[in-house]
Every structure is written in structure tokens, then in C-alpha cells.
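A.B. asks: okay, here's the prediction I keep looking at, along with the sequence it came from:
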Amino acid sequence: MKVEIWSDIVCPFCYIGKRNLEKALAETNMVASTEILWRSFELDPEAITNTEVSIYQHLAKRKGWTLEYSKQMHGHVAAMAKDAGLDYNFDNAFPVNSLRAHRLLHLALKRGVQDEFKELLFKAHFTLGKNVDDFAILTELANQAGLSNGEIKEILNSDRFADDVRKDVARAREAGVRGVPYFVFNEHYAVAGAQPPEVLIRIIEEIKSKTGKKDVNPASQTPDLCEPDGNC
């Protein structure tokens, strides 16, 4: 089975969706026979990395919320992450531009370590409070995933793979994707949002039995996703 996932490193529901998919694949014994491809999606291509502004302040300003309400909303997401087995630390998070990370993810795909690198990026941003737009930190994380210093330096000092990022985003728009995460199974079974493992399990079982319907997106589930306008 092939699973393509459109996501952004700065999307909190994308990390939750990743963990839920992993649980579903394990439950259906599909880990070894599933190819996962991470597709780029930029929630805010114009975002400016600013380590001096908290993620609470950033979203409050963008949405017209009070700082207290922003903290409340992030606390709700952190609780969802905990249910998925993740530890979100929004107190140390700040806004970042994700383009460099996306470009490196395309290199990681060519080297067969994309999923590992994606995990490291998510953890760095949401748990460790690291700057995933910083050259040194991106190099450190890419090294951990198995990428070589020479290739990493080449990517970070150029615009290589920028076209690949744009192509992924264009494909998402053509498909009518309004937010991420967005999963496409075997190129035509689609589901939006950080669906719980049981929903993904049902979809996988339907695909395995060849009874799945095109564009599966259970109406009974309200998907948790992030949209380009800042709605998360």
C-alpha cells in the first residue's frame, strides 16, 4: 500500500495524524508493506521565523484573539497530542518558515530516510522547541536521519527542490485540499485531518479487501486539520 501525506512541519495536527496512522498500520499488520511519502504543504509561505515571539502571541495576533484564549486553544491541542502519545511543549514554540525543511525532506525522500527525518522535524518543533529553519539545527537533524553534510549544505545554500515543494502544493490545490494533514491511499482513497486510529484502520481494511470507495472521508468524523488562513 502507498500512502501520500500532505502536511506542514508547523501543523500540530499533522504530527498527531502521523502517530495515528502508525498505530493503524501496526494494528492492521501493514507496516512492512506500506510506503509512506510526505508531500509538501506550506500553511503560510510568507511566514517569518521569529524566535522572540511565542507561538501564543503569533496566533493571537493573526486570529485577533486574546493571549489567554490562544494559550487555551494550544492547551486543547496539547491534550489531543498527549492522547496520541506525543508531548507538545508550546511554551517553547515560536513561528518559523518551513520551506528549508520541506526542501530537505525532498532530499531525504531520495535517500530513503524521509519518514525518519519528518519525525525528527516534528519532535524538534513541537516537543523540543528548536528552530527548524536554522541551518545548524536542520543540519543536526538531517545528520541524525542519515543525510550527509555535503548534500545538506548544498541544499541549504541553494534553492534546490524548491520547485518540488511548489509542485506538491500545486497538486494539493488541484485536488481541492483545504487543509492538512491530508492522506491519499493508493492514489485515490483520500481522507482529511488527524483522524483517530480506528477510522484509519477501517479505511485500510476496506482497501485491503478492495471494497473501499474513492475519496473516503467519513462524514461522522470532524477532521482536525490546519488551513492556510490560520484555522487549526
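C.D. replies: Yes, it's here. On a predicted model such as this, the values are computed, not experimentally measured, just so you know.
A.B. asks: low-confidence ranges in the protein?
C.D. replies: Counting by pLDDT under 70, the chain contains low-confidence ranges at 211-223, 229-232.
A.B. asks: which parts of it are helices?
C.D. replies: Listed from the start of the chain, the chain has helices (DSSP state H) covering 12-27, 55-63, 67-83, 99-110, 114-126, 135-145, 149-156, 162-174, 197-208.
A.B. asks: among those, which is nearest Pro45?
C.D. replies: helix 99-110 (7.1 Å; Cβ to Cβ). (Glycine included, C-beta is placed from N, CA and C.)
A.B. asks: roughly how far out does stretch 183-192 sit from the chain middle?
C.D. replies: On the basis of Cα atoms, centre = their mean, to the nearest Å, stretch 183-192 sits 15 Å off its chain's mean C-alpha point.
A.B. asks: check stretch 72-89 too.
C.D. replies: Mean C-alpha position of stretch 72-89 versus that of the full chain (Cα atoms, centre = their mean) differs by 15 Å.
A.B. asks: for Asn97, list the residues it contacts.
C.D. replies: For Asn97, the contact set (Cβ atoms under 8 Å, 6 or more residues apart in numbering) comprises 44-45, 47-49, 133.
A.B. asks: skipping its backbone neighbours, what lies nearest it in space?
C.D. replies: Of all residues beyond its chain neighbours, the one nearest Asn97 is Ala47 (4.5 Å), with distances taken as Cβ to Cβ, 6 or more residues apart in numbering.
A.B. asks: which ones are touching that neighbour?
C.D. replies: With contacts defined as Cβ under 8 Å, 6+ apart, Ala47 is in contact with 10, 95-98.
A.B. asks: among these, which two are most distant?
C.D. replies: Taking every pair in the contacts of Ala47 and measuring Cβ to Cβ, the maximum separation is 10.1 Å, between Pro95 and Ser98.
A.B. asks: who's more crowded, the two?
C.D. replies: Neighbours were counted for Pro95 and for Ser98 using other Cβ atoms under 10 Å; Ser98 has more, 26 against 20.
A.B. asks: the more buried one touches Glu42, doesn't it?
C.D. replies: Yes: between Ser98 and Glu42 a contact is recorded at 6.3 Å, counting by Cβ atoms under 8 Å.
A.B. asks: give me the common contacts of the two.
C.D. replies: Contact with both Ser98 and Glu42 is made by residues Asp8, according to Cβ under 8 Å, 6+ apart.
A.B. asks: need the overlap of contacts for Pro95 and Ser98.
C.D. replies: Listed as contacting both Pro95 and Ser98 by Cβ under 8 Å, 6+ apart are 10, 47.
A.B. asks: wait, which of the helices of the chain is closest to Val184?
C.D. replies: Taking Cβ to Cβ as the criterion, helix 162-174 is the member of the helices of the chain that comes nearest to Val184, at 9.8 Å.
A.B. asks: packing partners for the closest one?
C.D. replies: Contact partners of helix 162-174 among helices and strands, from 3 or more Cβ pairs under 8 Å, 6 or more residues apart in numbering; DSSP states H and E: strand 35-40, helix 99-110.
A.B. asks: the first one pairs with which strands, and in what direction?
C.D. replies: Looking back up the chat, that one is strand 35-40. Partner strands for strand 35-40, per DSSP bridges, with pairing direction: strand 2-7 (parallel).
A.B. asks: buried set for the strand it pairs with?
C.D. replies: Within strand 2-7, the residues that qualify as buried by neighbour count (16 or more other Cβ atoms under 10 Å) are 3-7.
A.B. asks: just stretch 67-75 next, same as before
C.D. replies: Within stretch 67-75, the residues that qualify as buried by neighbour count (16+ other Cβ under 10 Å) are 70-71, 73-74.
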